[in-house]
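Participant: sequence first, then the predicted structure:
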Amino acid sequence: MARADVEEIRCTTLINPVKVPDWPFRWTINPYRGCRHACRYCFARPTHEFLGLGTGRQFEQRVFAKVNAPEVLRSELKRSSWKRESIALGTASDPYEPAEKSYKLTRKILGVLKDFANPVSITTKGVLVQRDIDVLQELSQVADVQVNFSIGCLDEEIWRATEPGAPNPLHRLEAMQALVEAGIHAGVVAAPIIPGLSDSEESLDELVGAAAAHKAQYLGGNVMFLRPGSKEWFMPLIRESYPHLAPLYANYYRGAYAPKQYAQKIMSLLDSLRSKWQLDERYSEKRQPAGQMKMALV
């Protein structure tokens, strides 16, 4: 795990609108900036540039905790203009990154969401989410709750190389199972699927089979993309640790996204494996505020 200095900051707003078309959510909350999970491919690395910091080690070692986040959220949810739409928790930083153990901002935020019966979708690599089973159960009684565990593969070498600060993937599956058995809707996002490393049928079959064995209620997935700020941190890993893949990456990632034909092939493989292991692609709750579309993982 990367050593990090945690700096306490205060925010003026917390709920952020998503302006990217066709995303599965419209609003996000991030109680932290930076992340000690230190995933080499992390798409959120460029967010540190807004603070005048680097997207490499500084993203991993300069973590910012929005210490007044629960109070700001409460004031925002009180507004008459807020329509209790689902909020995605953890899009630019993992809400269960190691600083959460001390600051408990995510836990407090879940408590505020419970008070306002507001739906939430959480995405995490953290196993600390098990600590919050009690408040997640309470929130589930009044609003939709969905917890997505991001797991790209089970291979220990690839995990250590690409996600050096994140919990063991098997431990994430165990945490997911604990949530499901506690009555909380949870599943796996097979992401990112990394070309040449975790995209084989054998690797994906192992992951989907393990997700099913650990009672995942759904399984989504996507192929890795590398935007500026992330690409510069990931490509050296390929050149240094997997040089045989360097030509493939030079071809696939001229831009941010792998070729469409390749991505479609991987998603088709994932579809067949979901069918084999009898897993749904997405989960949608029935209980929603009046007139609101169902929240689904895409």
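Facilitator: Ah, there it is.
Participant: CA atoms only for the helix ranked longest in the chain - export them in CSV, please.
Facilitator: Longest helix in the chain by number of residues (criterion: DSSP state H): helix 260-277. Extracted as CSV, the C-alpha positions of helix 260-277 are listed here (Å, rounded to 0.1, in the frame of the first residue of the first chain):
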residue,chain,number,x,y,z
LYS,A,260,-14.4,-1.2,-30.9
GLN,A,261,-14.2,-4.6,-32.5
TYR,A,262,-11.9,-5.9,-29.8
ALA,A,263,-14.2,-4.5,-27.0
GLN,A,264,-17.3,-6.1,-28.6
LYS,A,265,-15.5,-9.5,-28.8
ILE,A,266,-14.7,-9.3,-25.0
MET,A,267,-18.2,-8.2,-24.1
SER,A,268,-19.6,-11.1,-26.2
LEU,A,269,-17.3,-13.5,-24.3
LEU,A,270,-18.5,-12.0,-21.0
ASP,A,271,-22.1,-12.5,-22.1
SER,A,272,-21.5,-16.2,-22.8
LEU,A,273,-19.8,-16.7,-19.4
ARG,A,274,-22.6,-15.0,-17.6
SER,A,275,-25.0,-17.4,-19.3
LYS,A,276,-22.8,-20.3,-18.3
TRP,A,277,-22.7,-19.3,-14.6
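Participant: now that helix, how far from the chain's geometric center?
Facilitator: Put simply, helix 260-277 sits 20 Å off its chain's centre (C-alpha atoms, centre = their mean, to the nearest Å).
Participant: and if you look at stretch 152-159?
Facilitator: Distance, centroid of stretch 152-159 to centroid of chain: 16 Å (C-alpha atoms, centre = their mean).
Participant: next, the buried residues of that stretch.
Facilitator: 152-155, 158-159 (16 or more other C-beta atoms under 10 Å). No exception for glycine: its C-beta is placed from N, CA and C like everyone else's.
Participant: and for it, what's in contact with it?
Facilitator: 162-163, 166, 168-170, 190-194, 197-198, 203-204, 206-207, 210, 224 (C-beta atoms under 8 Å, 6 or more residues apart in numbering).
Participant: repeat that with 6 Å
Facilitator: With C-beta atoms under 6 Å, 6 or more residues apart in numbering as the test, stretch 152-159 has contacts from 169, 191-192, 197-198, 203, 206-207.
Participant: cool, and stretch 254-267?
Facilitator: 193, 195, 199, 223, 225-227, 252.
Participant: rebuild those as TSV, extending it with pLDDT and neighbour count.
Facilitator: Below are the contacts of stretch 254-267 laid out as TSV (pLDDT from 0 to 100; neighbours: other C-beta atoms under 10 Å):
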residue	pLDDT	neighbour count
Ile193	98	24
Pro195	98	21
Asp199	98	21
Val223	97	23
Phe225	95	16
Leu226	95	22
Arg227	90	14
Tyr252	97	19
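Participant: and the two most separated of those residues?
Facilitator: The distance between the two most remote of the contacts of stretch 254-267 (C-beta to C-beta) is 19.5 Å, for Asp199 and Arg227.
Participant: mind listing what's buried in the one helix or strand in the chain whose mean pLDDT sits lowest?
Facilitator: Lowest by mean pLDDT, DSSP states H and E among the helices and strands of the chain is helix 57-61, with a mean of 78. For helix 57-61, burial by neighbour count (16+ other C-beta under 10 Å) applies to 58-61.
Participant: distance to Pro95 for those residues - can I get that in TSV?
Facilitator: Below are the buried residues of helix 57-61 laid out as TSV (distance: C-beta to C-beta, whole Å):
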residue	distance to Pro95
Gln58	20
Phe59	16
Glu60	17
Gln61	19
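Participant: closest to Glu232 among these?
Facilitator: Closest approach to Glu232 among the buried residues of helix 57-61 (C-beta to C-beta): Phe59, at 11.5 Å.
Participant: just the strands in the stretch 51-200 of the chain please.
Facilitator: 62-66, 87-89, 120-124, 145-150, 186-193 (DSSP state E, counting those that start in this stretch).
Participant: hang on, the earlier thing: of the buried residues of stretch 152-159, closest to Glu8?
Facilitator: Here the nearest of these to Glu8, counting by C-beta to C-beta, is Trp159; it sits at 30.9 Å.
Participant: thinking again about what came up before, just the ones of the buried residues of stretch 152-159 in helices?
Facilitator: Reading helices off those with DSSP H, I get 158-159.
Participant: spatially nearest residue to Gly187, not counting backbone neighbours?
Facilitator: Tyr218 (3.8 Å; C-beta to C-beta, 6 or more residues apart in numbering).
Participant: that neighbour against Arg274, yeah?
Facilitator: No: look at Tyr218 against Arg274 with C-beta atoms under 6 Å: they stay out of range, at 8.8 Å.
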